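Chemist: coords please:
(2 chains)
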2 protein chains.
Amino acid sequence: MKVKRDDGVEDIQAVWMEDEGETVKMIDQRFLPSELKFYSAENYEEIYRAIKEMMVRGAPAIGVTAAYGIAQAEIQGEDVEEASERIRSARPTAYDLFHAVDHMLDNLERPCKSAEKYTGSVIERCREIGENGAELIKEGTNILTHCNAGALATVDFGTALAPMRIADRDGKDMHIYVDETRPRLQGARLTAWELYNEDISHSVIVDNASGHFMQRGEIDMVMVGTDRIVANGDIANKIGTYEKAVLAKENDIPFYVAAPVTTYDDSTERGKDILIENREDEEVKEINGNMITPEESDVENPAFDVTPVDYITGYITEKGIFSPSELKNMF
Amino acid sequence: MKVKRDDGVEDIQAVWMEDEGETVKMIDQRFLPSELKFYSAENYEEIYRAIKEMMVRGAPAIGVTAAYGIAQAEIQGEDVEEASERIRSARPTAYDLFHAVDHMLDNLERPCKSAEKYTGSVIERCREIGENGAELIKEGTNILTHCNAGALATVDFGTALAPMRIADRDGKDMHIYVDETRPRLQGARLTAWELYNEDISHSVIVDNASGHFMQRGEIDMVMVGTDRIVANGDIANKIGTYEKAVLAKENDIPFYVAAPVTTYDDSTERGKDILIENREDEEVKEINGNMITPEESDVENPAFDVTPVDYITGYITEKGIFSPSELKNMF
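Modeler: I've put the predicted structure just below:
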C-alpha cells in the first residue's frame, strides 16, 4: 500500500518484520486518519497488546501479526507454546488468528521464512482478487464501498479495495463513494485514508446518502468485503451492508462481494443461522468521548448484518468471479 | 411537550412568550441532549440571533418564534417594518418564517393575541395529526423514525412524533427505534431526548442498523416527517429517508409521512424537480470539532433526498390519513 510521508511516497505493508524477526512493526490504526504512527512490538507480550488494543485490525492482518509474533518468540528463545497461548487469547473468536498460529507451530524450523510465506500467501490472494475484480471496472466507473476492506485489514491490497488499486495501476479513472460506516467510522477514517494515499478520487458520504446517489444514477457498482459467506451464498458483513445491497438491487446496480475462498463456510446453511454480535452502547452513544444521546436512552448496536444471496451479483475471489449459482462448485 | 427538571416534570412549549410579550423564551436546542438551557430573547435582534444561530430549528418552530418576535417589537414600540425585515433575513429560504411575519403584519392591533393565535393553530394542527396517526398504532407496535419531527421542531407534539405522544397518552405500549440521523444527529440528540422526557420506550440505532431490524421483523411501521410533498405525492425529507422507505417496502412494512396539509406544494410536479441543497463539508468531516476523515478527502453532503410516492403507504395530516391516490383530492 502507498503511504504518503513528508519525504515522498513509500510502498509498505500494514504490518512487517524488521531486524531478522526481532521487531514487528505496524501502522497503529488507532490514530488514523489524523496521525500516521507506527508501533514496534519487541516481544510477544507487545504482539498480544497490539492485537488486543486494536492497533491492528482486520482478520488477515491480525493473522499476519500473530505469525510474525510466533516467529519473533522462537528467534528470541521464548517458550513458543506459552507465546502461542498468549497471542491466541488476544481476540478469542478470530479464525485467522488461530490459523496463523497453527501454521507457525507446524513450521518452526525456519521461523522468519515461515512467517513471510504465510504473509506472502495472504498478500498474493488479495492481489489476485484485485486482478480479477479490476476487470469489472471500466474507465469512469463510480463505485460505492462500505467499511474498510482495504490494505489496512489485509496487510496489502485489501479485498474490496484491491480491484480499485489494480484498476488505478492500470490507468483507469474512477471515483469511489466511501460510506463513513457508523458506528466505528472505518470508511471515513481508514478507507478514505487509503484512497487519499493512493491518489484515487473519492468522496466520503454519510451512510444515509448512498441511496440518494444510487437513485440519481451516480453509482455504477457496489463492492464490499465480507467476514463470512455461508453455504447458500448469504454473507455476513459490517452493519449497513444489507441496506446498501437492497438499495443497489432497487436501482439495478450490481453488488459484488470480494473475499478469499477461505471465507466460505459451508458448515452454516443460511445467513439467518449466523449469530449477530451486539457491541457496547458507547460506540453509538459517544463520539470522541462526547455524548450524542441522552445518557438514559437505550441503544441497540449490532456489529454485523446478513445480506441474503438474492441481492448479490457476484463473488470476487482469487480464483475468479463467481455468480451465486456457481458458488457451491467453485469453492 | 414534557420536560424533566430537577423538581419534577413540566409541560411546556419549545418556544413561548412571557411578561405580556416583553420576553420570548425557548429551549436552546444547541445544547441538547447533554444540557437543558433556555434562551430569553429580549428584543427582535435577539430573535434574529436565535433563528440564525439555530437555537430554535424546524420550520413551524421558527415561524412561531418570528411571530412572537414581531409581537414583541410592536409592544416595545420598535419599527415593526424594520423588525420584520431583520427577522425575515435570519433564514432566507424558510417559508413558515415569511408566512408568520406576514400573518403578524396583517394583525398588529392586538399583537400578543395574534401571535398566540398563530402558535395555537400550529400546535392544534400537530395535535390533530397525532390523534389521526395514533389510530395506526396498536398495543406493542414497534416504530422506526428518522431525524426529528418532534415538538422541538413544531413547538409542541411534533408531526411524526405526535402520533406516538397521543398513543402514549392513550396508554398504548410501543417501542421507537430512533435513527441517529447523520450528519447532524437530530435523531440521537433531539428525538431520543424528547422520548426520554415523555418516558416512551426507545432505542437509538445507527442509520446503518435500521435495515437489519426491519429484516428481522422487529419494526412494524415507519413514521417520518417531511419538508415538502409535491403534486405527484413524492416527498423531500432529511437525507436517509429514501433509504428507509426502500427498506420498508422490501420488508413489507408500512411507511407513513406525517405533515400538515400546508406542506403540499402542487406547483412542483415531481420529486425529481426539487433542488437538493448541499451543505458544508464540515458536517461530515468533523464531529464535536474532531476530524473523522483525512483533511484532503472530498465530501458530498446532500441535506435532503426524495422519496418517490411508490414507497409511501399514507400521509398523516390534520384532516385525516390519505393514501397516495387520495392525495390530490384531499389537499
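
Chemist: dump stretch A:258-274 to PDB, restricted to CA.
Modeler: Written as PDB, here are the backbone C-alpha positions of stretch A:258-274 (Å, rounded to 0.1, in the frame of the first residue of the first chain):
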ATOM      1  CA  ALA A 258     -14.800  -9.500  -2.600                       C
ATOM      2  CA  ALA A 259     -13.200 -12.200  -0.400                       C
ATOM      3  CA  PRO A 260     -10.700 -15.100  -0.500                       C
ATOM      4  CA  VAL A 261     -12.300 -18.500  -0.900                       C
ATOM      5  CA  THR A 262     -11.400 -19.400   2.700                       C
ATOM      6  CA  THR A 263     -14.200 -17.000   3.800                       C
ATOM      7  CA  TYR A 264     -16.700 -19.700   2.600                       C
ATOM      8  CA  ASP A 265     -18.200 -21.600   5.500                       C
ATOM      9  CA  ASP A 266     -20.300 -24.400   4.200                       C
ATOM     10  CA  SER A 267     -21.000 -25.800   7.700                       C
ATOM     11  CA  THR A 268     -23.500 -23.000   8.100                       C
ATOM     12  CA  GLU A 269     -26.600 -23.400   5.900                       C
ATOM     13  CA  ARG A 270     -28.200 -19.900   5.800                       C
ATOM     14  CA  GLY A 271     -27.400 -16.400   6.900                       C
ATOM     15  CA  LYS A 272     -30.300 -16.500   9.300                       C
ATOM     16  CA  ASP A 273     -28.300 -19.000  11.300                       C
ATOM     17  CA  ILE A 274     -25.400 -16.600  12.000                       C
END
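
Chemist: quick one, what contacts A:Gly133?
Modeler: A:Ala162, A:Pro163, A:Ile166, A:Met223, A:Tyr256, A:Ala258, A:Ile316, A:Ile321 (Cβ atoms under 8 Å, 6 or more residues apart in numbering or on different chains). Just so you know, the C-beta spots here come from the backbone N, C-alpha and C atoms, and that holds for glycine as well.

Chemist: so for the helix or strand harbouring it, mean pLDDT?
Modeler: Using DSSP states H and E, A:Gly133 sits in helix A:111-134. Mean pLDDT, computed over helix A:111-134, is 98.

Chemist: can you give the contact residues for the helix or strand just after it?
Modeler: The helix or strand immediately downstream of helix A:111-134 is strand A:141-145, counting by DSSP H and E. Under the criterion Cβ under 8 Å, 6+ apart, residues A:137, A:160-161, A:164, A:167, A:172, A:174-179, A:187, A:191, A:210, A:213-214, A:218-224, A:244, A:248 lie in contact with strand A:141-145.

Chemist: tell me which of the contacts of A:Gly133 fall in helices.
Modeler: The helices, defined by DSSP state H, take in A:Ala162, A:Pro163, A:Ile166 from these.

Chemist: mind putting these into JSON lines with distance to A:Arg49 and pLDDT?
Modeler: Shown next, in JSON lines, are these (distance: Cβ to Cβ, whole Å; pLDDT from 0 to 100):
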{"residue": "A:Ala162", "distance to A:Arg49": "29", "pLDDT": "98"}
{"residue": "A:Pro163", "distance to A:Arg49": "34", "pLDDT": "98"}
{"residue": "A:Ile166", "distance to A:Arg49": "34", "pLDDT": "98"}
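
Chemist: now do the strands in the stretch 201-331 of chain A.
Modeler: Listed in chain order, the strands of the stretch 201-331 of chain A (DSSP state E, counting those that start in this stretch) span A:202-205, A:221-224, A:228-230, A:235-238, A:255-258, A:264-265, A:286-287, A:290-291, A:298-299, A:304-307, A:314-317, A:320-322.

Chemist: what's the spacing between A:Asn232 and A:Thr307?
Modeler: 12 Å (Cβ to Cβ, to the nearest Å).

Chemist: quick one, which of these two is more surrounded?
Modeler: Using other Cβ atoms under 10 Å in any protein chain shown, the more surrounded residue of A:Asn232 and A:Thr307 is A:Thr307, with 26 against 17.

Chemist: residue contacts, that one?
Modeler: Taking Cβ under 8 Å, 6+ apart, we find A:Thr307 in contact with A:Asp234, A:Ile235, A:Ala236, A:Asn237, A:Thr241, A:Tyr242, A:Ala245, A:Val257, A:Gly271.

Chemist: let's see 10 Å
Modeler: When contacts are counted by Cβ atoms under 10 Å, 6 or more residues apart in numbering or on different chains, A:Thr307 touches A:224, A:226, A:233-237, A:241-246, A:255, A:257, A:271, B:211, B:215.

Chemist: now do A:Glu116
Modeler: Shown in contact with A:Glu116 (Cβ under 10 Å, 6+ apart): A:Trp16, A:Met17, A:Gly21, A:Val64, A:Ala67, A:Tyr68, A:Ala71, A:Arg110.

Chemist: over to A:His175?
Modeler: Contacts of A:His175 by Cβ under 10 Å, 6+ apart are A:140-143, A:195, A:200-203, A:218-220, B:298.

Chemist: which strands or helices does the helix or strand hosting A:His103 pack on?
Modeler: Per DSSP H and E, A:His103 falls inside helix A:95-105. Under the contact criterion of 3 or more Cβ pairs under 10 Å, 6 or more residues apart in numbering or on different chains; DSSP states H and E, helix A:95-105 touches helix A:59-75, helix A:80-88, helix A:111-134.

Chemist: just the angle for the longest one relative to helix A:95-105, thanks.
Modeler: Using axes from the mean of the first three to the mean of the last three Cα atoms, to 10 degrees, the interaxial angle of helix A:111-134 with respect to helix A:95-105 works out to 140 degrees.

Chemist: ok now helix A:111-134, how far from the chain's centre?
Modeler: Centre-to-centre, helix A:111-134 and its host chain are 14 Å apart (Cα atoms, centre = their mean, to the nearest Å).

Chemist: what's the closest of the contacts of A:His175 to A:Tyr311?
Modeler: Taking Cβ to Cβ as the measure, A:Tyr311 sits nearest to A:Ile219 out of the contacts of A:His175, at 14.9 Å.

Chemist: on the pLDDT front, check that closest one for me.
Modeler: In this model, A:Ile219 is scored at 98, pLDDT.

Chemist: just A:Pro260 next, same as before
Modeler: You'll see A:Pro260 listed with a pLDDT of 94.

Chemist: same question for the one 4 residues further on.
Modeler: At A:Tyr264, the pLDDT value in this model is 89.

Chemist: in ChimeraX, select just the buried ones from the contacts of strand A:141-145.
Modeler: To isolate the buried ones among the contacts of strand A:141-145 in ChimeraX, judged by 16 or more other Cβ atoms under 10 Å in any protein chain shown, type:
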select /A:137,160,161,164,167,174,175,176,177,178,179,187,191,210,213,214,219,220,221,222,223,224,244,248
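
Chemist: so how far is chain B from A:Glu18?
Modeler: Distance, A:Glu18 to chain B, by Cβ to the nearest Cβ, to the nearest Å: 27 Å.
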